[in-house]
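Asker: Quick one: sequence plus predicted model below, questions after.
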Amino acid sequence: MGRTGTRLDGWGAPAEGGGTVSPWQLIEHVSDRDLEFLWPRHADHFRRDPRLLVVALDAPDLFARLAGDREALVKVSPFVLFSVMLRQAIRDLRQARFTVERAGLRQKVAVFDAAQVHTFLQKNPDIVDYLSQVLASFTHVYSGSTWQRTKRGWRRQRFSELDLRSMEALEAEASEEDRFYLDRRMGEVALFLLGVFPDAVLRPRLRGMGAAELEVVGALRYGRAATHPLAARTGTAGLLSTVSEGFRWARKALNYMTDRYLYPFRAEWFPAT
């Protein structure tokens, strides 16, 4: 889905909030159809007491319901689907000894760091909901064009958020406020590509950056966003700092979720990637 313009505050997770997410904020990300799936014939209970939503999303049998019924995957929103998967990852990682690391296009190695990934997912109470929002935001790709001043006059410059090189080109004309949203979104793009499509990242020509460079860029951009004045004003500084410092663990959490649950229908949710 393409869009034009340079307003960057619409990219990714909501700009406002992002401190400790209350149930009343969380319920804004789910639809009536989601609520009906979570508790058939009692969806109105969630609206009256959103705290029930947290209990419903944490229920272990919810993942089993989704995994056992492929048609159920189209009954819930991307946010709910990814939220359930990440919560299942936390449960599975509690018992796991190792994760799998890609050493090449066809080579994988076991790394005994499951405990660190599990710890990261529980380090900040908002991390799972934030990562779920980030993943959901990439089910539609943001793209557009801007006009940039050059030595030969104004030039129309197209961009896609999945192309970090073109995103970097936006910085020259970005306002100080937009730089916050741009840094945050570039961090999210790097995390998404490394976490959900690591096989594509291993082919640098497809994205213009290799895996090692993407990991550095992702952590750097999150760090810059965390120290921007807008991060403090919107209550996102702590969360963004957590992801910046633990970028590798955030990436590995998404790798784990993708390999175990998402891979068979990954392209259905992210067709433009």
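Answerer: On my side now, so go ahead. Numbers count the residues shown, from 1 in each chain.
Asker: When you work out contacts or count neighbours from here on, use the C-alpha atoms and nothing else.
Answerer: OK.
Asker: where does this protein dip in pLDDT?
Answerer: 1-21, 23, 104-105, 141-160, 202-208, 272-273 (pLDDT under 70).
Asker: any idea where the strands of it begin and end?
Answerer: For the chain, the strands defined by DSSP state E cover 99-102, 108-111, 143-150, 153-160.
Asker: where's the spatially most central residue of the chain relative to Leu26, distance?
Answerer: The centre of the chain sits closest to Val134, judged by CA atoms, centre = their mean, with a distance of 2.6 Å. According to CA to CA, to the nearest Å, Val134 and Leu26 sit 14 Å apart.
Asker: Can you report how many residues neighbour Arg70?
Answerer: 11 (other CA atoms under 10 Å).
Asker: roughly how far apart are it and Ser175?
Answerer: For Arg70, the distance to Ser175 equals 45 Å [CA to CA].
Asker: same thing with Tyr130?
Answerer: Tyr130 sits 25 Å away from Ser175, going by CA to CA.
Asker: Which of these two has more residues huddled nearby?
Answerer: Taking other CA under 10 Å, Tyr130 and Ser175 do not tie; Tyr130 has more neighbours (20 against 14).
Asker: Figure out how far the lengthiest helix in the chain is from the centre of its chain.
Answerer: Criterion DSSP state H: the longest helix present in the chain is helix 176-196. Put simply, helix 176-196 sits 9 Å off its chain's centre (CA atoms, centre = their mean, to the nearest Å).
Asker: Please apply the same query to stretch 89-97.
Answerer: So, by CA atoms, centre = their mean, the centroid of stretch 89-97 is 20 Å from its chain's centroid.
Asker: likewise stretch 265-273?
Answerer: 14 Å.
Asker: Sort out which residues of that stretch are buried, please.
Answerer: By 16 or more other CA atoms under 10 Å, the buried positions in stretch 265-273 come out as Trp269, Phe270.
Asker: ditto for stretch 109-118
Answerer: Asp113, Ala114, Val117, His118.
Asker: Test my guess that Leu193 contacts Asp199.
Answerer: No - judged on CA atoms under 8 Å, Leu193 makes no contact with Asp199 at a distance of 9.0 Å.
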